[in-house]
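Colleague: Fold the following, please.
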Amino acid sequence: MEWKVDRQSNKPLYQQVFDFIEQKISYGEFPLGTLLPSERKLAERLNVNRMTIVHVYDKLHAVGLVERKRGSGTRVSTHKWGVLSKGSTNWRRYVEGSTFLPTYPLIKRIREAAKQLENGFDLASGELSSDLFPSQLLQSSLVDESFPNDLSYEHPQGHLGLRETLSAYVKTNYNIKTTSSSILITSGAQQALYLITQCLLSPGDAVAIESPSYCYSLPLFQSAGLRIFGLPVGPNGINPKDIEDLYHKHQIRMVFLNPTYQNPTGTVLTDTRRKEVIEIAERLGIPIVEDDPFGLLSFKEEKHSPIKSFDYNGNVLYIGSLSKVVASGLRIGWLIGPQSVISRLADARQQMDFGLSIFPQLIANQFLQSADYTTHRKALTQELLDRRNTMISALHEILGEKVSFISPNGGLHIWCKINQKISDEKLVEEGIKNNVLFMPGSVYGFPDGYVRFTYARLEKKHIKDAVLRFSDILSRI
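Modeller: Okay, the predicted model is just below:
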């Protein structure tokens with residue numbers, strides 16, 4: 001709910017909220033039977049007193065706009081009265097009956113709170129802070145970029161110039177050998193995952209993902225009707241032998257891995273295990289999907305070769321992105337794989353949107369070719385290292401034995417175990433009340449008692465205050 005009350009207006013707050021909800025109902029934006037937020041939650045989102053919302057809901061009920069039942073909440077009235085036309089569609093049945101599942105409630109709650117966050121601390125978002133965005137470098141790199149002669153649809157696989165640049169880019173930085181014809185430009189890594197689950201798998205297929213894993217937070221796996229099995233993540237990543245075990249037990253058809261600075265744990269799969277994964281994939285004939293958003297964000301001189309760099313038989317689908325290195329809003333990702341797969345996914349994506357806008361592709365292409373990109377990436381990595389060190393110092397100093405964690409050597413996150421019994425939902429709600437956000441372990445498929453802190457979203461000067469705020473919350477639960 002992006003709307004906010006106007007505290008400078010002469011109109012009373014309760015009347016502003018009443019008028020807003022009445023308008024939403026009369027415009028059909030809140031159809032028949034829509035469940036409205038609870039009094040407490042709406043009060044928190046609008047930053048008003050709970051009794052203000054009680055008064056609003058009482059007035060809406062009095063004029064017949066809503067129905068109220070104890071234990072069932074407040075819903076838009078299903079009766080036919082003034083502002084609704086006869087024969088209104090029961091959109092609730094359509095919305096709730098779809099096979100494409102909505103975002104998990106706890107994640108949705110955190111994201112909504114992030115939109116309303118004022119004078120608080122966001123340790124939940126996996127994005128870079130605005131001061132890390134290379135706006136001046138991007139602007140300077142576009143000075144010589146010519147405007148396209150027309151704005152016709154692009155090639156289904158994406159702008160050829162960008163695909164050629166990426167072909168050279170992944171060879172130089174990752175030792176991945178590919179050509180432009182085996183690259184599909186996507187709207188970020190998540191679109192690549194969506195296309196894979198929808199086009200290459202069928203309902204009932206079994207897949208293996210890391211545990212914990214960012215993939216658990218994506219309902220698209222369940223929406224595709226897939227059966228998910230976890231591969232436990234240890235200090236050195238997953239154990240490749242677990243892939244074989246799951247294959248023999250459940251006939252898994254695909255494996256999804258984030259082997260470098262894994263989200264959320266920050267662990268790195270060793271080169272020995274990466275080669276074992278390739279050997280198992282070749283022997284069993286099952287593909288590996290490698291998601292690699294953090295590969296170039298290493299705090300040491302060492303480089304971690306992607307699994308794809310050991311792949312000589314086309315068993316790995318490799319996903320990359322500029323979201324964690326340049327900006328998430330640029331929406332540039334890529335998928336590298338066999339040409340037959342790329343062609344199939346490009347066709348599916350073209351049916352969805354006829355391809356990406358040319359403008360972000362031109363920006364990405366020009367920036368990746370410029371010396372400014374290397375300058376930015378080096379500066380970014382140093383700044384992330386400083387923020388990681390600041391957060392580690394704060395965790396040791398403020399939380400001490402209350403949490404356990406391993407310091408990551410790259411990426412954006414620190415994965416913490418809380419050394420006391422805790423309810424994730426209660427912890428998150430207390431965090432929202434106190435303007436500090438973080439991601440609980442349960443959204444990554446783990447039991448209560450774990451949290452992921454992102455040190456990339458806050459400026460360094462605010463990190464210690466954020467940890468202090470979290471510590472205060474933890475001590476009161």
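
Colleague: Ser26 and Tyr57: what is the separation?
Modeller: Ser26 sits 17 Å away from Tyr57, taking C-beta to C-beta, to the nearest Å as the criterion. Heads up, the C-betas are built off the backbone N, CA and C, glycines and all.

Colleague: just Asp242 next, same as before
Modeller: In terms of C-beta to C-beta, Asp242 sits 51 Å off from Tyr57.

Colleague: of those two, who's got more company?
Modeller: Between Asp242 and Tyr57, counted using other C-beta atoms under 10 Å, the more crowded position is Tyr57 (22 against 17).

Colleague: which residue packs closest to that one, ignoring adjacent ones?
Modeller: Closest residue in space to Tyr57, ignoring its immediate chain neighbours: Thr74 at 5.5 Å, by C-beta to C-beta, 6 or more residues apart in numbering.

Colleague: now for the helix or strand hosting that neighbour, which elements pack on it?
Modeller: Applying DSSP states H and E as the criterion places Thr74 in strand 73-76. Under the contact definition 3 or more C-beta pairs under 8 Å, 6 or more residues apart in numbering; DSSP states H and E, strand 73-76 sits against helix 50-62, strand 66-69.

Colleague: how about the shortest one as CSV, C-alpha atoms only?
Modeller: What that stands for is strand 66-69. Output of strand 66-69 as CSV, limited to C-alpha atoms (Å, rounded to 0.1, in the frame of the first residue of the first chain):
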residue,chain,number,x,y,z
VAL,A,66,-17.4,-4.0,4.5
GLU,A,67,-18.4,-7.1,6.4
ARG,A,68,-16.8,-8.0,9.7
LYS,A,69,-16.7,-11.4,11.3
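
Colleague: pLDDT weak spots in the stretch 101-250 of the chain?
Modeller: 141, 144-149 (pLDDT under 70).

Colleague: Spell out the residue ranges of the strands in it.
Modeller: All strands of the stretch 101-250 of the chain, identified by DSSP state E, counting those that start in this stretch, fall at 121-122, 183-186, 206-211, 227-234, 237-238.

Colleague: any chance of those strands in JSON lines, with mean neighbour count too?
Modeller: Shown next, in JSON lines, are the strands of the stretch 101-250 of the chain (neighbours: other C-beta atoms under 10 Å):
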{"stretch": "strand 121-122", "mean neighbour count": "21"}
{"stretch": "strand 183-186", "mean neighbour count": "27"}
{"stretch": "strand 206-211", "mean neighbour count": "23"}
{"stretch": "strand 227-234", "mean neighbour count": "17"}
{"stretch": "strand 237-238", "mean neighbour count": "24"}
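
Colleague: closest to Ser357 out of those strands?
Modeller: strand 183-186 (10.7 Å; C-beta to C-beta).

Colleague: Direction included, what does that closest one pair against?
Modeller: strand 333-336 (antiparallel) (DSSP bridges).

Colleague: so how far is the partner strand off the chain centroid?
Modeller: Remark: strand 333-336 is offset 17 Å from the chain centroid, using C-alpha atoms, centre = their mean, to the nearest Å.

Colleague: CA atoms of that strand as PDB?
Modeller: Taking Å, rounded to 0.1, in the frame of the first residue of the first chain, the C-alpha atoms of strand 333-336 are listed here in PDB:
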ATOM      1  CA  GLY A 333      20.900 -11.100 -17.000                       C
ATOM      2  CA  TRP A 334      22.000 -13.900 -19.300                       C
ATOM      3  CA  LEU A 335      21.700 -17.600 -19.700                       C
ATOM      4  CA  ILE A 336      24.400 -19.700 -21.500                       C
END
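
Colleague: next SSE after it?
Modeller: As assigned by DSSP H and E, the chain's next helix or strand after strand 333-336 is helix 339-353.

Colleague: Show me which positions of that following helix end up buried.
Modeller: 341-346, 348-349 (16 or more other C-beta atoms under 10 Å).

Colleague: what's the helix or strand hosting Phe453 packed up against?
Modeller: Taking DSSP H and E as the definition, Phe453 sits inside strand 450-454. Packing partners of strand 450-454 (3+ C-beta pairs under 8 Å, 6+ apart): strand 413-418, strand 439-440.

Colleague: ok, and what's touching it?
Modeller: 122-127, 212, 263-264, 391, 412-418, 427, 438-442, 444 (C-beta atoms under 8 Å, 6 or more residues apart in numbering).

Colleague: now it against strand 413-418, angle please.
Modeller: Counting by axes from the mean of the first three to the mean of the last three C-alpha atoms, to 10 degrees, strand 450-454 points 150 degrees away from the direction of strand 413-418.

Colleague: Return strand 450-454 as PDB; C-alpha atoms alone will do.
Modeller: The C-alpha trace of strand 450-454 is given here as PDB (Å, rounded to 0.1, in the frame of the first residue of the first chain):
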ATOM      1  CA  TYR A 450      18.700 -18.300  11.400                       C
ATOM      2  CA  VAL A 451      18.900 -14.800   9.800                       C
ATOM      3  CA  ARG A 452      20.600 -13.400   6.700                       C
ATOM      4  CA  PHE A 453      22.100  -9.900   7.100                       C
ATOM      5  CA  THR A 454      22.900  -8.000   3.900                       C
END
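
Colleague: what mean pLDDT does that strand have?
Modeller: The pLDDT scores in strand 450-454 average 97.

Colleague: hang on, the earlier thing: which of the helices and strands packed on strand 450-454 sits most buried?
Modeller: The highest mean neighbour count among these, using mean count of other C-beta atoms under 10 Å, belongs to strand 439-440: a mean of 26.

Colleague: Just the helices from the stretch 101-250 of the chain, written as ranges.
Modeller: Ranges of helices in the stretch 101-250 of the chain, per DSSP state H, counting those that start in this stretch, are 105-116, 135-141, 160-174, 188-199, 220-223, 240-250.

Colleague: can I get these in TSV with distance to Leu474?
Modeller: Below are the helices of the stretch 101-250 of the chain laid out as TSV (distance: least, C-beta to C-beta, whole Å):
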stretch	distance to Leu474
helix 105-116	17
helix 135-141	37
helix 160-174	40
helix 188-199	31
helix 220-223	31
helix 240-250	33
